[in-house]
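K.L.:
coords below, sequence missing:
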């Protein structure tokens, strides 16, 4: 995928939307000094270019009873099983993120469970039963300190 050419106004629009995805377009237009129609057009182009992938509601898993957050590195018998394994991992509802990685393991997943017993069942009855999975290494997150989007200020014009 190629890098999108973002001008100063595009980056300014992204800064506002990253801080508050529900900010009214007319308010963004006023802040940027351009028309509401121009904001709509620019945001549509950012979507089409794949810069904006969508917007979503963020729910705190702990308030819903998911007290365990874990990152699990998965090692496969054969790296050619990557795509097939990911399809199986999509069926594990506890998994919220999945990454191909370098280093120890082939895949890294992030998941939320109610408690350690739930985590153990997810590992033994779910992940470790996927054909080709040789081993896992689990790191339990004690506390998420912060979460953020990419900083658009680092993008050069």
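P.N.:
Received, thanks. Just so we're clear, the structure is a prediction, and the values are computed from it rather than from any experiment.
K.L.:
quick one, what contacts the residue nearest the centre of the chain?
P.N.:
Centroid check for the chain by CA atoms, centre = their mean gives residue 97 as the closest residue, at 6.1 Å. Shown in contact with residue 97 (CB atoms under 8 Å, 6 or more residues apart in numbering): 109, 110. Where you see a C-beta, it was placed from the backbone N, CA and C, and this is true even at glycine.
K.L.:
mind listing residues that contact the helix or strand bottoming out on mean pLDDT in the chain?
P.N.:
In the chain, the helix or strand scored least confidently by mean pLDDT, DSSP states H and E is helix 8-19, which has a mean of 91. With CB under 8 Å, 6+ apart as the test, helix 8-19 has contacts from 6, 23, 28, 31-32, 34, 39, 42-43, 46, 51-52, 55, 149, 152-153, 155, 157.
K.L.:
in that helix, what counts as buried?
P.N.:
10, 12, 13, 14, 16, 17, 18 (16 or more other CB atoms under 10 Å).
K.L.:
hmm, back to that, any of the contacts of helix 8-19 buried? List them.
P.N.:
6, 28, 32, 34, 39, 42, 43, 46, 51, 52, 152.
K.L.:
tell me which element residue 31 is part of?
P.N.:
helix 25-32 (DSSP states H and E).
K.L.:
next secondary structure after that helix?
P.N.:
Immediately after helix 25-32, counting by DSSP H and E, sits helix 36-48.
K.L.:
could you say what helices and strands that following helix packs with?
P.N.:
Packing partners of helix 36-48 (3 or more CB pairs under 8 Å, 6 or more residues apart in numbering; DSSP states H and E): helix 8-19, helix 25-32.
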